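Undergrad: coords below, sequence missing:
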């Protein structure tokens, strides 16, 4: 058994699984819960959670505007500013006994891709992760269990649905980390479907639907 968080390498055997059970075969290992649970167990043992000293909810918004994003499907800047503004407003109107700290995650630090270990530590502190489908959301693997956080962390992912199947191959609905991680049972998962005017070049969501989802979560 060997795991290296710095480079995201995992060697563990013998474990066998059929990649053909998932049409997106390069994600087959992720849907095998033995690998997912092993990674989470190893993380908890090697990097114990540091207890918080303040009552603060860490909320991460994952943008695809970071320098490390090589694919399309970006949310236009002005639209994303509206999304973040809406999120800030909902957090500000939340429970008065909890201070919500919103952080924008771009996956880059000092002009270079943020080391995986640092990404893991950041996501471990989060109580809510919001953002469009993309590699940044793979980090929900590191979100803490309910027993450590007091309640399950929440994830709100923007995904392609029946009205937005042109966003990328594999649509609708299978392009989500809920699907990749075999229902990601350590989190409460929520979705907002990309609007009908979304394409592989640019994606949009309905802000009314976004607010409705946030009302359910918060």
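TA: Everything's here; your move. Given the structure is predicted, the values throughout are model-derived calculations rather than measurements. Residues are numbered from 1 along each chain as shown.

Undergrad: quick one: the helices in the chain?
TA: Applying DSSP state H to the chain gives helices spanning 28-31, 33-46, 77-92, 116-124, 146-149, 177-180, 207-217.

Undergrad: angle of the third one against helix 207-217?
TA: In this case it means helix 77-92. 30 degrees (axes from the mean of the first three to the mean of the last three Cα atoms, to 10 degrees).

Undergrad: cool, the fourth one as well?
TA: Here the directions of helix 116-124 and helix 207-217 differ by 80 degrees (the same axes, to 10 degrees).

Undergrad: helix 116-124: how far from the chain's middle?
TA: How far helix 116-124 lies from its chain's middle: 12 Å, per Cα atoms, centre = their mean, to the nearest Å.

Undergrad: ok, the second one next?
TA: The offset between the C-alpha centroid of helix 33-46 and the centroid of the whole chain comes to 17 Å, using Cα atoms, centre = their mean.

Undergrad: tell me where the model's unsure across this protein.
TA: 1-33, 46-56, 66-71, 95-98, 146-150 (pLDDT under 70).

Undergrad: mind redoing it with 80?
TA: For the chain, applying pLDDT under 80 flags the ranges 1-56, 66-72, 94-99, 145-150, 182.

Undergrad: what residue is smack in the middle of it?
TA: Among the residues of the chain, the one closest to the centroid is residue 137, at 2.7 Å (Cα atoms, centre = their mean).

Undergrad: number of nearby residues for the closest residue to that residue other than its chain neighbours?
TA: Leaving aside its chain neighbours, residue 137 sits nearest to residue 177 (4.9 Å; criterion: Cβ to Cβ, 6 or more residues apart in numbering). In this view, the C-beta of every residue, glycine as well, is placed from N, C-alpha and C. Per other Cβ atoms under 10 Å, the neighbour tally for residue 177 reads 24.

Undergrad: next up, the contacts around residue 177.
TA: Residues counted as contacts of residue 177 (Cβ atoms under 8 Å, 6 or more residues apart in numbering) are 133, 137, 138, 140, 155, 157, 184.

Undergrad: rerun that using 10 Å as the cut-off
TA: By Cβ atoms under 10 Å, 6 or more residues apart in numbering, the contact list for residue 177 reads 27, 30, 129, 133-141, 155, 157, 159, 184, 187, 189.

Undergrad: please apply the same query to residue 109.
TA: Residues counted as contacts of residue 109 (Cβ under 10 Å, 6+ apart) are 115, 118, 119.

Undergrad: and these as a markdown table, adding distance to residue 102 and neighbour count?
TA: Shown next, in a markdown table, are the contacts of residue 109 (distance: Cβ to Cβ, whole Å; neighbours: other Cβ atoms under 10 Å):
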| residue | distance to residue 102 | neighbour count |
| --- | --- | --- |
| 115 | 23 | 14 |
| 118 | 19 | 12 |
| 119 | 17 | 20 |
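
Undergrad: tell me the one of these nearest residue 211?
TA: Within these, the smallest distance to residue 211 is 28.4 Å, found for residue 119 (Cβ to Cβ).

Undergrad: shouldn't that closest one be in contact with residue 129?
TA: No - using Cβ atoms under 10 Å, residue 119 is not in contact with residue 129, being 11.8 Å away.
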